[in-house]
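**Student:** here is my input; please provide its structure:
(chains A and B)
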Amino acid sequence: GAVVSQHPSRVICKSGTSVKIECRSLDFQATTMFWYRQFPKQSLMLMATSNEGSKATYEQGVEKDKFLINHASLTLSTLTVTSAHPEDSSFYICSARRTSGGGGEQFFGPGTRLTVL
Amino acid sequence: KNQVEQSPQSLIILEGKNCTLQCNYTVSPFSNLRWYKQDTGRGPVSLTIMTFSENTKSNGRYTATLDADTKQSSLHITASQLSDSASYICVVTDSWGKLQFGAGTQVVVTP
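**Tutor:** The predicted model follows:
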């Protein structure tokens, strides 16, 4: 149990376009989902936390208008990178947690490799 | 300053040999510590989890230790296999559920 999927696994887009990444919890209801980005040879950096039905909470330095997050259901969250630029190229990983607060394991998705040309 | 420091940054070991990875943390208040394995181009997969009262936890050839007094943890890999080549990430969760990630140790197992 506790499987999280992401789609697509890889995406290449032109500069200026928008890209949507989906994160799904396949066998459990995820009250809270998290979005991370990871640069080569670096660890995961939390971008934002989203609870189902409410606005996402963004980490300091993350542009909310550039990285749009929607958590419309208990099994789906989406991250849209708007007007993508080459510096947005990165590995984006989502995670999902059953509970809305405190502890509870986060289950990570397989990641999405975004390349902006 | 990162609240979770891992060492070494990378290491190369021969297949069949053992190795130990280190994690020091300053996260407080502490809830739990997990070791994750992350294959290249994949998401992290949990290997072990330890709470304050646990000193050691095993998962197959992986054995993690925790000293909550000195705020140190280690991950020992026994009889390494080629498939163990990956990044190993130490993640400490505070009492509010916030995760602090180490930068990871890149392990390369060679034939």
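
**Student:** what residues does chain A have near chain B?
**Tutor:** A:4, A:6, A:41-46, A:91, A:93, A:95, A:97, A:101-106, A:108-111, A:113 (Cβ under 8 Å from any Cβ of the partner chain). No exception for glycine: its C-beta is placed from N, CA and C like everyone else's.

**Student:** any quick PyMOL command for the buried ones out of those?
**Tutor:** Those of those that count as buried under 16 or more other Cβ atoms under 10 Å in any protein chain shown are selected in PyMOL with:
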select buried, chain A and resi 4+6+43+44+45+46+91+93+95+97+105+106+108+109+110+111
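
**Student:** beta partners of residue 13?
**Tutor:** Chain wasn't specified; assuming chain A. Taking DSSP bridges as the rule, A:Cys13 bridges to A:Val116.

**Student:** actually it's chain B I care about, not the one you picked
**Tutor:** Applying DSSP bridges, one finds that B:Ile13 bridges with B:Val109.

**Student:** coming back round to it: mind checking which of the residues of chain A next to chain B land in strands?
**Tutor:** Among the residues of chain A next to chain B, DSSP state E puts A:4, A:6, A:45-46, A:91, A:93, A:95, A:97, A:108, A:113 in strands.

**Student:** can you redo the residues you listed as JSON lines with pLDDT?
**Tutor:** As requested, those are exported to JSON lines (pLDDT from 0 to 100):
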{"residue": "A:Val4", "pLDDT": "94"}
{"residue": "A:Gln6", "pLDDT": "96"}
{"residue": "A:Met45", "pLDDT": "93"}
{"residue": "A:Leu46", "pLDDT": "94"}
{"residue": "A:Phe91", "pLDDT": "95"}
{"residue": "A:Ile93", "pLDDT": "96"}
{"residue": "A:Ser95", "pLDDT": "95"}
{"residue": "A:Arg97", "pLDDT": "89"}
{"residue": "A:Phe108", "pLDDT": "94"}
{"residue": "A:Arg113", "pLDDT": "96"}
